[in-house]
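> Predicted structure and sequence below. I'll ask about it afterward.
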Amino acid sequence: MTEEEKQEVIEIMKIPGNVRGAILQTLADYIRYKKKNEGVKMVEEKLREFGHPLKFEEIKPLSWYPESTTVLILFASKEVFNWADDDIFEMGNFTPKSSFIVTMFIKHFVSLKKTLEQSNIHWRKNLDFGEFEPTELNEKEKYIVLRIKGVYKFHRLLCIYHGGYFLRVAQFVIKSKKITIEETKCMLKGAPYHEYLVRWE
Amino acid sequence: MEEDKFKIAREDVEDLEIYIKEFSDFLPLAVCSVNPVGVIINVNKATEDLTNYISLELVGESVSTIFSDKKKIEEIEKEITEKGSVHGKELILITKDKKEIPMSVSASMRKDREGNYIGYFIGLTNITELKKFQEDLEKKVKERTKELEDSKKSLIKMLEDVKEAQENAEEEKNKTLAIITNFTDGLLVFDREGKLSLINYQAELFLGVKSQDVIDKSISELKDIPAFNSIMKIFKKDTKNVSKQELPLENGQILEGSTIPIIRKGQNIGNLVVLHNITREKAIETMKSDFVSLTAHQLRTPLSAIKWTLKLLLKGDFGKITKDQKEFIERMSRSTERMILLIGDLLNITKIEEGRYIFDMAPTDMETIVLSAISLYKVPIEKKKIEFTFKKPKKLPKVKMDVEKIKLAVQNLFDNAIKYTHSKGSLQVELSCGTNELEFKIKDSGMGIPKSQQERVFSKFFRGANVTKIVTEGTGLGLFITKNIIEAHGGKIWFESEENKGTTFYFTLPLSKNI
């Protein structure tokens, strides 16, 4: 482990809050999809190297785990596989597909409006910090504004990951071949909340 | 305490998730969960196996992306929302490697606790084998149908051919009937049971009957009809070969009746009787015979007178004649002899044809007749230096015969044999006796009879083309007379001959047990 990594891990481990184990499992599913079981083992090895060992097989989907573990897994994957930000975004975009929690939540994906109405509940079921707030839905102009408020400053990897994740949820309920997402405001850049703009054609 | 309960509940849910996953993975039926906007949100292992996609590749995609007919998917989704479920819809699945697999699709609506539509489950059954079976079956049905259609066409064609053949046969039958009806000869057809199956108009006229009175009647039934009596005579003779018989009718007409066996595939299936009116021919024949007889008698008397006058001249009864005169008179005498012989033959033929030729039948020793002929022809045999032999058994039975006629027959055969045998040739005569007949054989080494002319040997006025230039004498009536003599005695006559090698004539005479 390099000094830079060591510093980064220390910073990451300061992140507060908890997430459901199911979220961590979806990260493992994506790594397995991309890099097979060997890839999962490599990440586990990296986590052990970071001093925070984790066995993905032992994760219980409904148990709570530190949010810092999520970021640590993203960071370890980036380091092990030399992934770029796009890969982290794709990871975020893929993980809702394999999530048991998402599968259960999907019953609310009957329409865009209904999904957005239920989205904070879904947030609260999986994370014990912050508020998820769909601020604006304009079906005519075909855009949504999403905000995450009352929360600490995310790690930049998590901002990217969330972008991919929110896009997937939008893809589940918007019937369009071209849907885009953009983080328009970020607490890391001094904004009072994180804000994402989803557009489609 | 509350926390323990929550922990237990959470573990139960986690176990449930594992159970659902295991159960889902075990299911052989490919199942997808689709949300209301048509996006796949979950698939089981069987779906992965079927599509060659993994779960992460399918989830989030529109369900229509894995099927070829997007419109049909929309119809199914519409039907689900209307009816709650669909069953056995056929769709083509497109796999990751672009294979097309026929599927039977069933789907069932999903609802939340409040009864809101939240999507549907879709089950996919691979029906490739079924489709293949159906296609094979359809192909076989098509092939069989084609075969049946071809057979039908062939059958129709055959029926048309049969119909045409029937029409042709009917036409031919009508033609034949028209020919038979209008035939100038009478025709009667008897079937294999001997029943009269056809009688034409001319036969009705000849026999004075109507077809409806005689058709389907057997020969034994018909014999009661007087006109049929004469026909019965033909049947008494022979029905296996062609036979002829003169049939005099009560009205004075004379018919020549012929029976001809009708043979089909080697089987006798009946007899045809042809009645030919020979009344006119017979009348002409009689007139001819009368004329010949009269003429011959009228000629014979002056010729005999000439013959005797010439003899007297040659003897010198009318004075001495010169050598030249003698030569001319001898020639005239020989010509007169030939004319007398010819007239004799013509009279014989007339008698033969009138059937009044054989009169005086008496048991006679055949050897005596042969010896008489040998004696008669001794001079010419010696003159031509012919090597002559006569063979016979020690004892020969007597044969009932008209001596003069048999003598004439034997003389005719001797005459021919000597006449047509070259000088220094050979002549063998032999008598032999069998159980039922006596055989006469005369073999010469003469000119022989050309093969092409052998059929006509026993015809009137026949002379071989090879002998007429060499031997000018001969009337061509001898063998005709001989044959009639032998056959009138119930015997048979035949010959074997090879040109330039010689001829052998044979005849037999039946031995009578009553002698």
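Structure's in. What do you need? Numbering: from 1, shown residues only, chains lettered A, B, ... in the order given.
> Going by C-alpha atoms from here, please, whenever you check contacts or count neighbours.
Will do.
> which parts of chain A sit against chain B?
Residues of chain A lying near chain B by CA under 8 Å from any CA of the partner chain: A:33, A:60-63, A:94, A:97-98, A:100, A:103, A:106-111, A:168, A:171-175.
> mind redoing it with 10 Å?
A:29-30, A:33, A:60-63, A:93-103, A:106-112, A:168-177 (CA under 10 Å from any CA of the partner chain).
> Just the ones of these in helices?
With DSSP state H as the criterion, helices contain A:29-30, A:33, A:93-98, A:100-103, A:112, A:168-173 from among the residues of chain A next to chain B.
> hmm, back to that, list buried members of the residues of chain A next to chain B by neighbour count.
By neighbour count, with 16 or more other CA atoms under 10 Å in any protein chain shown, the residues of chain A next to chain B hold A:29-30, A:33, A:60-63, A:93-103, A:106-112, A:168-175 as buried.
> Please report phi then psi for residue 160.
The chain I'm using is chain A. For A:Ile160, the backbone dihedrals (degrees, to the nearest 10) come out as phi -70, psi -50.
> switch to chain B, that's the one I care about
phi -60, psi -40.
> likewise B:Phe190?
Dihedral angles for B:Phe190 - degrees, to the nearest 10 - are phi -110, psi 140.
> Let me see the domain layout of the chain.
By default, I'm working from chain A. A:3-84, A:100-200 (automatic domain parsing).
> um, chain B though
B:2-126, B:129-182, B:183-277, B:282-354, B:361-510.
> Those domains: which one's closest to A:Gly51?
With CA to CA as the criterion, A:Gly51 lies closest to domain B:2-126 of those, at 28.1 Å.
> what about that closest one, near chain A?
Yes: judged by CA under 10 Å from any CA, domain B:2-126 comes into contact with chain A through B:7, B:10-11, B:13-15, B:17, B:21, B:33-43, B:54-62, B:110-112, B:116-119.
> In ChimeraX, select just the buried ones from these.
Only the buried members of the residues of domain B:2-126 next to chain A enter the following ChimeraX selection, criterion being 16+ other CA under 10 Å:
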select /B:10,11,14,33,34,35,36,37,38,39,40,41,42,43,54,55,56,58,59,60,61,62,110,117,118,119
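> Mind checking which of the residues of domain B:2-126 next to chain A land in strands?
Among the residues of domain B:2-126 next to chain A, DSSP state E puts B:Ser33, B:Val34, B:Ile40, B:Ile41, B:Asn42, B:Val43, B:Arg110, B:Lys111, B:Tyr117, B:Ile118, B:Gly119 in strands.
> Regarding residue 80, what is its secondary structure?
You didn't say which chain, so I picked chain A. helix (DSSP: H, G, I helix; E, B strand; the rest coil).
> Number of residues surrounding it?
The number of residues packed near A:Val80 is 14, by other CA atoms under 10 Å in any protein chain shown.
> what kind of secondary structure is B:Phe505 in?
With three-state DSSP as the basis, B:Phe505 sits in strand.
> Check what pLDDT residue 154 gets.
Going with chain A. A:Phe154 carries a pLDDT value of 77.
> Can you look at chain B instead?
The score at B:Ser154 is 90. That number is its pLDDT.
> same deal with the one 3 residues further on?
Per-residue pLDDT puts B:Lys157 at 91.
> so who does it touch?
B:Ser151, B:Lys163 (CA atoms under 10 Å, 6 or more residues apart in numbering or on different chains).
> where's it, which helix or strand?
Using DSSP states H and E, B:Lys157 sits in helix B:128-182.
> Check the separation of the first and last residues in stretch A:187-201.
End-to-end span of stretch A:187-201 (CA to CA, to the nearest Å): 29 Å.
> same deal with stretch B:50-70?
Using CA to CA, the two ends of stretch B:50-70 sit 19 Å apart.
> List the beta-bridge partners for the residue nearest to B:Glu496 when sequence neighbours are not counted.
Among residues not flanking B:Glu496 along the chain, B:Thr504 sits closest, at 5.2 Å (CA to CA, 6 or more residues apart in numbering or on different chains). Here B:Thr504 sits in beta bridges with B:Lys443, B:Glu496, going by DSSP bridges.
> Could you report the distance from B:Thr504 to chain A?
Computed as CA to the nearest CA, to the nearest Å, the B:Thr504 to chain A distance reads 120 Å.
> so what's that residue up against?
B:Thr504 neighbours (CA under 10 Å, 6+ apart): B:413, B:417, B:427-429, B:441-446, B:448, B:494-498.
> Which pLDDT value goes with it?
96.
> List only buried entries from the contacts of B:Thr504.
Using 16+ other CA under 10 Å, the buried ones in those are B:413, B:417, B:427-429, B:441-446, B:448, B:497-498.
> Identify the residues contacting stretch B:448-456?
Here stretch B:448-456 has contacts from B:417, B:420-421, B:457, B:462-467, B:480, B:495-504, using CA under 10 Å, 6+ apart.
> Repeat the analysis, applying 6 Å as the threshold.
With CA atoms under 6 Å, 6 or more residues apart in numbering or on different chains as the test, stretch B:448-456 has contacts from B:Ser497, B:Glu498, B:Glu499, B:Asn500, B:Lys501, B:Gly502, B:Thr503.
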